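Participant: Show me how the following folds:
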Amino acid sequence: MTSSLRNLKVYTTYPHSCSYLAEQEATTLFVDPRTSMDSELYSQLSGMGFRRSGSHLYRPNCSSCKACIPARVEVHKFQPRRSQKRAWKQNTDILVEEVDRIDDDHYYQLYHRYIEARHPDGDMYPPTREQYQSFLSAEWGVTHFYRLLLDGQLIGVAVADQLTDGLSAIYTFFEPEMQSRSLGTFSVLWQIEAARTLGLDFLYLGYWIKECQKMAYKVQFRPLELYINGQWVELL
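Facilitator: Numbering: from 1, shown residues only. Model prediction:
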């Protein structure tokens, strides 16, 4: 039987070093992992600013910092900027296919190269097979795996969850040597179109942090909604 928001149990972590802002301490709120979860409850929690990592749902809960702001794109209002149009046009030769799983070595080695090259200072470094499989697992029957192919060769993977009102972009990784193709931007644009095709309203992008350069790209997708003081506010 699925749990409800009314009897949901949550826990907080001890303060730990923040992954995004130097010299800051972070505290994280976690949903009890024993909670009976389904797409409806997961969607409700996503609408309240929670995010999935593996089988865990979490939300920043720092007492002295509110820098992590949940963000989502309004897909039916979205209008690409000139640079985004260029990124889309540049990658029209890429084929995107949905696959059932990404747990074989072919996909993991691409992830390994990506983390080594792009995020050597992040939580996922050094990459391991165990961490990869737990982080990008399929949960509650809502997870989709999309592979990006160029001339039949794997060059990227996007993982997204289908909520009741949108897609949640869990993670994208790609060949680091193809940085000039703007594959990260292309992946977001493709998922916006996928959400539109599915008749959904939003693409959830996780947390935007104004002071973090790695998160800066998210405000380029307008109109963007930010979850502030318990409500979604449109950023035009």
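Participant: Once you drop chain neighbours, what's closest to Glu40?
Facilitator: Thr164 (6.4 Å; Cβ to Cβ, 6 or more residues apart in numbering). Every residue, glycine included, has its C-beta placed from N, CA and C.
Participant: Surely the one you found is in a helix?
Facilitator: No - the assignment for Thr164, made by DSSP: H, G, I helix; E, B strand; the rest coil, is coil rather than a helix.
Participant: who touches it in this structure?
Facilitator: Going by Cβ atoms under 8 Å, 6 or more residues apart in numbering, Thr164 touches 39-40, 43.
Participant: The helix or strand bottoming out on mean pLDDT in the chain: partners in the sheet, and parallel or antiparallel?
Facilitator: Sorting the helices and strands of the chain by mean pLDDT, DSSP states H and E puts strand 16-17 at the bottom, at a mean of 91. Here strand 16-17 has these sheet partners by DSSP bridges: strand 25-26 (antiparallel).
Participant: what residues does the partner strand touch?
Facilitator: The contact list for strand 25-26 (Cβ under 8 Å, 6+ apart) reads 15-19, 60, 62, 65.
Participant: how about CSV for these, with neighbour count and distance to Glu211 added?
Facilitator: Supplementary listing: the contacts of strand 25-26 in CSV, determined by neighbours: other Cβ atoms under 10 Å; distance: Cβ to Cβ, whole Å:
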residue, neighbour count, distance to Glu211
Pro15, 14, 19
His16, 10, 18
Ser17, 11, 16
Cys18, 19, 11
Ser19, 14, 13
Pro60, 20, 14
Cys62, 17, 13
Cys65, 14, 10
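Participant: So which of the contacts of Thr164 wins on neighbours?
Facilitator: Greatest neighbour count in these, by other Cβ atoms under 10 Å, goes to Ser43: 19 neighbours.
Participant: could you pull out the helices for the chain?
Facilitator: Assigned by DSSP state H, the chain shows helices spanning 39-46, 82-90, 105-118, 129-135, 183-197.
Participant: most tightly surrounded among these?
Facilitator: helix 183-197 (a mean of 21; mean count of other Cβ atoms under 10 Å).
Participant: Much appreciated, bye for now.
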